[in-house]
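Enquirer: Give me coordinates for this.
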Amino acid sequence: MTPLALYIHWPFCLAKCPYCDFNSHVREKTDITAWKAALFADMAHEAAVTGRRPLSSIFFGGGTPSLMPPALVGALIEKAGEFWDFAPDIEITLEANPSSVEAANFAALAQAGINRVSLGLQALDDKPLKFLGRLHDAAEGLAALDVAQQHFGRVSFDLIYARPDHTPELWKSELEQALARGTGHLSLYQLTIEPGTRFATLVREGKFVPLDDDRAGELFEITREMTNAAGISAYEISNHARAGEESRHNLTYWRYLDYVGIGPGAHGRRGGLATVRHRKPENFLNAVSNAGQGIVEERLLGNREQASEAVLMGLRLAEGIAPAALAGRFGLSDSDLIVPAKRKFYREMGFLNDTETHLNVTERGMPVLDALLAELVPADLVAP
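Expert: Presented below is the predicted three-dimensional model:
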């Protein structure tokens with residue numbers, strides 16, 4: 001039976017970062033008993049739909065799930081084990097802020113069943129951390145990373161680059177420090193100005209100017225060169241890992257396999273259905289109380305829409321996609337998935353590798369991935 005992945009969303013943060021467009025909320029207090037009951041009920045609903053399938057990964061995202069009591073994390077893992085069969089090497093990840101308070105819980109979280117942690121360091125110097133609205137300083141973040149490496153077998157951390165006035169010299173120094181920490185996985189994201197965020201308002205008001213595309217592209221090239229040299233190459237446009245250290249949970253998304261999502265704002269894809277939960281915590285709790293689950297939208301996806309999502313996600317990966325296999329999966333042809341003329345043109349331009357079985361974006365093509373996808377994927381495939 002095809003394995004399944006489980007995503008659990010904890011929506012609460014101590015503060016809202018100015019770049020963040022994730023579903024996160026600041027609340028003075030939370031009723032842990034109520035949240036435990038609601039998440040149990042939401043999980044039970046998904047288990048009733050999927051049946052007892054193998055579970056390959058669990059991912060606690062947010063928000064800031066490291067603010068969850070370790071006992072609640074352990075209870076949710078145990079409940080998942082009642083509904084599904086854990087794979088022998090199940091990956092159980094928790095996103096964490098690198099504060100000293102949260103790091104103090106790392107031992108208890110490991111005991112609760114977390115075996116992989118993803119730390120939101122975001123920068124390794126105090127000045128950019130302040131700009132990014134982070135509550136920790138560089139020393140506290142690195143100390144938390146040390147604690148994480150003592151307690152978890154697998155550790156990843158995030159950095160945001162291409163910040164305003166970010167120079168190649170500054171990024172090389174910062175990335176050199178990051179690579180020296182010895183983790184098996186790094187998530188390295190260019191700063192993007194997302195609509196509805198505080199940064200979007202500041203840019204509109206002229207308070208700061210984002211780094212231009214040419215300079216951001218130079219930092220992207222530096223990122224690829226240094227991570228490749230360190231043996232922690234990109235397996236997805238922004239994610240880098242040693243062989244075998246890739247995030248198996250995120251690969252489920254990028255390979256367009258089934259996953260269920262519970263908690264406020266969580267998305268899911270299972271059995272050709274797209275699910276979305278209520279975003280606002282209070283609305284989610286009310287929905288679970290009234291209906292036994294937190295779904296605000298459940299929609300059957302047509303084959304063409306599923307195929308478009310699979311292509312758009314799969315071409316983010318270094319491994320790319322297998323067009324013939326993907327087309328067969330959704331009852332389509334290769335030309336339904338990729339515009340033949342554009343496929344040939346970009347292959348000849350060196351932006352695509354195209355073999356008998358696989359299609360993937362080259363190192364040259366990755367910096368312009370979004371523009372490539374807009375050209376390669378037929379418009380009528382993308383439209384629902």
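Enquirer: Outside of stretch 196-208 itself, list whatever touches it.
Expert: 16, 18-21, 133, 164, 193-194, 209-210 (CB atoms under 8 Å, 6 or more residues apart in numbering). Where C-beta positions appear, they are placed from N, C-alpha and C, glycine not excepted.
Enquirer: repeat that with 10 Å
Expert: 16-22, 131-133, 163-165, 191-194, 209-210 (CB atoms under 10 Å, 6 or more residues apart in numbering).
Enquirer: The closest residue to residue 265 other than its chain neighbours: what secondary structure?
Expert: Excluding the flanking residues, the one nearest residue 265 by CB to CB, 6 or more residues apart in numbering is residue 23, at 3.3 Å. What DSSP: H, G, I helix; E, B strand; the rest coil gives for residue 23 is coil.
Enquirer: got the contact list for residue 23?
Expert: Counting by CB under 10 Å, 6+ apart, residue 23 touches 9, 11, 61-63, 263-267, 277-281, 284.
Enquirer: same deal with residue 251?
Expert: Here residue 251 is in contact with 5, 56-57, 91, 235-236, 239, 257, 317, 319 (criterion: CB under 10 Å, 6+ apart).
Enquirer: can I get those residues in CSV with neighbour count, pLDDT and secondary structure?
Expert: Below are the contacts of residue 251 laid out as CSV (neighbours: other CB atoms under 10 Å; pLDDT from 0 to 100; DSSP: H, G, I helix; E, B strand; the rest coil):
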residue, neighbour count, pLDDT, secondary structure
5, 25, 98, strand
56, 23, 98, strand
57, 24, 98, strand
91, 21, 98, strand
235, 21, 98, strand
236, 20, 98, strand
239, 22, 98, strand
257, 16, 97, coil
317, 20, 98, strand
319, 14, 97, coil
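Enquirer: just those now: which is nearest residue 178?
Expert: Among the contacts of residue 251, residue 239 lies closest to residue 178 (CB to CB), at 13.6 Å.
Enquirer: List the residues that contact the closest one.
Expert: 156, 158, 185-189, 246-247, 250-251, 254, 316-318.
Enquirer: what about residue 85, neighbour count?
Expert: 14 (other CB atoms under 10 Å).
Enquirer: That one bridge partners, please.
Expert: Beta-bridge partners for residue 85, by DSSP bridges, are residue 54.
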